[in-house]
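> Sharing a sequence plus its predicted fold:
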Amino acid sequence: MPRGGTILGAANRGNPYARKVVRDGQEITIDVSDEIVRGIREQKLDALLVLGGDGTLHIAHELAMKGVPVIGVPKTIDNDIGGTEITFGFDTALNIATEALDRLHTTAESHHRAMVVELMGRDAGFIALNAGVSGGADVILIPEIPFKFESVMAKVRERAERGRKFSLLAVSEGAKPKGGGQIFSRKGDEVYVPRPGGIGQVVAEYIEDRGFRSRVTVLGHVQRGGTPTAFDRWLATRYGAAAVRLAARGGFDRMVALQRGEITDIALDEAVAKPKRVNLNGDAVITARNIGISFGDE
């Protein structure tokens with residue numbers, strides 16, 4: 001229970017439909033999914049429980065289409081899986097991000113700095129939004145709301161004019177300026193997905209260039225490990241038990257999910273059909289605006 005992270009030894013580059021190998025001195029990409037299917041049958045597995053996010057569950061569904069008895073379990077800190085209210089791993093990452101904002105708040109206030117915290121989440125802003133509200137951020141930048149640098153700067157200036165000579169900014173790694181694109185620390189190819197990162201530094205430099213001292217903290221993989229929260233332990237246990245019950249009754253090519261506080265299950269193709277994103281008209285965004293947080297769009 002107290003161990004977090006991918007303790008099963010999982011990797012984020014094990015797509016059997018796109019594996020890089022070297023043949024005759026050339027690097028090529030091959031499909032080894034049939035080998036996976038043969039291995040599952042040779043092992044006489046009753047079911048394959050696949051724990052992961054969007055990419056992993058897409059692979060799980062494709063294996064199910066080949067006849068593999070697959071059940072999905074939504075596990076990602078990004079909380080971007082459709083059909084479920086929350087994925088396990090998200091709450092732990094959220095708590096770590098909130099604690100980081102709490103700690104940086106002290107330094108920001110004492111040193112009169114604009115503290116920019118870049119948080120994970122890829123194309124979904126759930127971590128930045130929830131941590132930003134919980135951690136008292138003044139500005140929250142998320143992928144779902146393209147921002148204007150001038151609007152971000154306006155919030156920092158407004159606080160300074162009111163005697164609040166520091167600001168706290170929670171920036172999702174996938175955030176992008178209006179009219180511009182995301183910034184990536186690694187480009188993607190047929191095997192590796194692009195890795196977002198660097199927007200926090202861009203925002204901090206913009207603020208610095210306009211006369212306000214700023215610092216950037218990239219929380220990175222700190223959000224992905226450590227001791228899980230009680231909520232994540234509780235949710236993961238419920239998901240795991242439900243997945244086994246689902247397997248026992250032959251409910252394959254499905255994913256366990258949390259809906260209205262209860263554990264249920266949905267078709268895997270439904271779960272991966274459309275990634276979940278922050279609802280811009282939902283109460284979370286409305287509440288953040290109500291309490292004066294800027295999303296850099298006004």
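Cool, the structure landed. Keep in mind it's a predicted model, so treat the numbers as computed, not measured.

> Does Val256 belong to a helix, a strand or coil?
Taken by DSSP: H, G, I helix; E, B strand; the rest coil, the conformation at Val256 corresponds to strand.

> isn't there a helix covering Leu246?
Yes: the assignment for Leu246 is a helix, going by three-state DSSP.

> In the record's domain split, what are the boundaries for this structure?
The chain breaks down into these domains under automatic domain parsing: 19-87+227-273, 94-224+279-290.

> mean pLDDT lowest for which of these?
Set side by side, the domains of the chain differ in mean pLDDT, and domain 94-224+279-290 is lowest with a mean of 90.

> any chance you could map the helices in the stretch 1-150 of the chain?
33-42, 54-65, 90-111, 126-134, 149-161 (DSSP state H, counting those that start in this stretch).

> What's the first helix or strand after the helix or strand where Ala204 lies?
Counting by DSSP states H and E, the element that carries Ala204 is helix 199-209. Downstream of helix 199-209, the next assigned helix or strand under DSSP H and E is strand 214-218.

> okay, which residue is most central for this protein?
Taking CA atoms, centre = their mean, the centroid of the chain lies closest to Asp78, which sits 1.9 Å from it.

> Is it correct that that residue is in contact with Gly121?
Yes: if you go by CB atoms under 8 Å, Asp78 and Gly121 touch, sitting 5.2 Å apart. Every C-beta, even on glycine, is put in place using the N, C-alpha and C of the backbone.

> Identify the contacts common to the two.
Ile127 (CB atoms under 8 Å, 6 or more residues apart in numbering).

> which one of the helices of the stretch 1-150 of the chain lies closest to Lys276?
helix 126-134 (8.3 Å; CB to CB).

> mind checking how far the closest one is from the chain centre?
On the basis of CA atoms, centre = their mean, to the nearest Å, helix 126-134 sits 12 Å off its chain's mean C-alpha point.

> Run the angle between that helix and helix 90-111 for me.
Going by axes from the mean of the first three to the mean of the last three CA atoms, to 10 degrees, helix 126-134 is angled at 50 degrees with respect to helix 90-111.

> Could you check how far the closest residue to Gly296 other than its chain neighbours is from Val171?
Excluding its sequence neighbours, the residue lying closest to Gly296 (CB to CB, 6 or more residues apart in numbering) is Phe147, at 3.0 Å. Distance from Phe147 to Val171, counting by CB to CB, to the nearest Å: 9 Å.

> Looking at the two now, which is surrounded by more residues?
Neighbour tally, Phe147 and Val171, criterion other CB atoms under 10 Å: the higher count belongs to Val171, 29 against 24.

> check contacts around Glu208.
Ser214.

> for Glu118, that is, sorry about that
Per CB under 8 Å, 6+ apart, neighbours of Glu118: 171-173, 197, 199-201, 216-219.

> If we use 7 Å, what do you get?
By CB atoms under 7 Å, 6 or more residues apart in numbering, Glu118 lies in contact with 171, 173, 199-200, 216, 218-219.

> Now do Thr217 against Ala97, distance only.
On the measure of CB to CB, Thr217 and Ala97 end up 11 Å apart.

> Looking only at neighbour counts, state which of these two leads.
Taking neighbours as other CB under 10 Å, Thr217 and Ala97 compare with Ala97 leading, 26 against 18.

> doesn't Gln223 make contact with that one?
Yes: under the criterion of CB atoms under 7 Å, Ala97 is in contact with Gln223, at a separation of 6.0 Å.

> So what's the predicted local confidence for Leu8?
Confidence for Leu8, expressed as pLDDT, is 74.

> Any idea what the nearest residue to it once chain neighbours are set aside is bridged to?
Nearest residue to Leu8, sequence neighbours excluded (CB to CB, 6+ apart): Leu51, at 7.8 Å. Beta bridges link Leu51 to Val73 when assigned by DSSP bridges.

> And for Leu51, the neighbour number?
Leu51 - counted by other CB under 10 Å - has 23 other residues nearby.

> what's the distance between it and Pro194?
23 Å.

> Next: Thr287.
31 Å.

> Kindly report the same for Ile183.
Taking CB to CB, one finds Ile183 at 10 Å from Pro194.

> Which one's more surrounded, those two?
Neighbours were counted for Ile183 and for Pro194 using other CB under 10 Å; Ile183 has more, 17 against 13.
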